[in-house]
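**Student:** Okay, structure incoming, though there's no sequence with it:
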């Protein structure tokens, strides 16, 4: 299981696509073939084994792309959340108004560019509020 998680987290996206395509193609083709063997009279269309494989390959391409896109978006979201923890720790350690302004100008803007919406916008608003509140109460 650890190897699978490591593969999903670190493998290039083209490898993720190939693995997703292969497994979904085999699964779909075998399901169509088995369903055709079990109940051929209900469809009035008997699909040969080669056509089952062709349908599985075509559907596997679509599912492989969806799987690849889903993992890509998950990786980018994780990058945002990891970086937001770093920015929050920098804000907590800041002692002067200049350091807070530097954090806002550099790290916070980088974090804002990585934002996709939803809960990430709420996290940006929370960090911005912390920066502004801390800026009011710092003497220097």
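**Tutor:** Right, received. Where do you want to start? Note that the structure is predicted; figures quoted are calculated from it, not measured.

**Student:** Please count neighbours and contacts with C-alpha atoms only from this point.
**Tutor:** Fine.

**Student:** Tell me, how many residues neighbour the residue nearest to residue 76 when sequence neighbours are not counted?
**Tutor:** Using CA to CA, 6 or more residues apart in numbering and skipping the chain neighbours, the partner closest in space to residue 76 is residue 114 (7.8 Å). Counted with other CA atoms under 10 Å, residues neighbouring residue 114 total 17.

**Student:** Quick one: name whatever helix or strand follows the helix or strand hosting residue 8.
**Tutor:** Using DSSP states H and E, residue 8 sits within helix 2-10. Following helix 2-10 in sequence order, the next helix or strand is helix 13-38 (DSSP H and E).

**Student:** helices and strands around that next one, which ones?
**Tutor:** The contact analysis (3 or more CA pairs under 8 Å, 6 or more residues apart in numbering; DSSP states H and E) places helix 13-38 against helix 49-93.

**Student:** Not counting the helix holding residue 8 itself, show me its contacts.
**Tutor:** 16, 71, 75 (CA atoms under 8 Å, 6 or more residues apart in numbering).

**Student:** if we go to 10 Å?
**Tutor:** 1, 11, 15-16, 68, 71-72, 74-75 (CA atoms under 10 Å, 6 or more residues apart in numbering).

**Student:** just for the protein, where's the confidence low?
**Tutor:** 40-46, 140 (pLDDT under 70).

**Student:** one more time with 50
**Tutor:** Under the criterion pLDDT under 50, no range of the chain is flagged.

**Student:** Taking the centroid of it, which residue is nearest it?
**Tutor:** residue 74 (1.5 Å; CA atoms, centre = their mean).

**Student:** Quickly note the distance from that residue to residue 116.
**Tutor:** 11 Å (CA to CA, to the nearest Å).

**Student:** Can you work out which residues contact both of those two?
**Tutor:** residue 80.

**Student:** returning to what we had before: as CSV, the contacts of helix 2-10 with distance to residue 102 would be great.
**Tutor:** Putting the contacts of helix 2-10 into CSV (distance: CA to CA, whole Å) gives the following:
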residue, distance to residue 102
1, 42
11, 35
15, 40
16, 39
68, 37
71, 33
72, 31
74, 29
75, 27
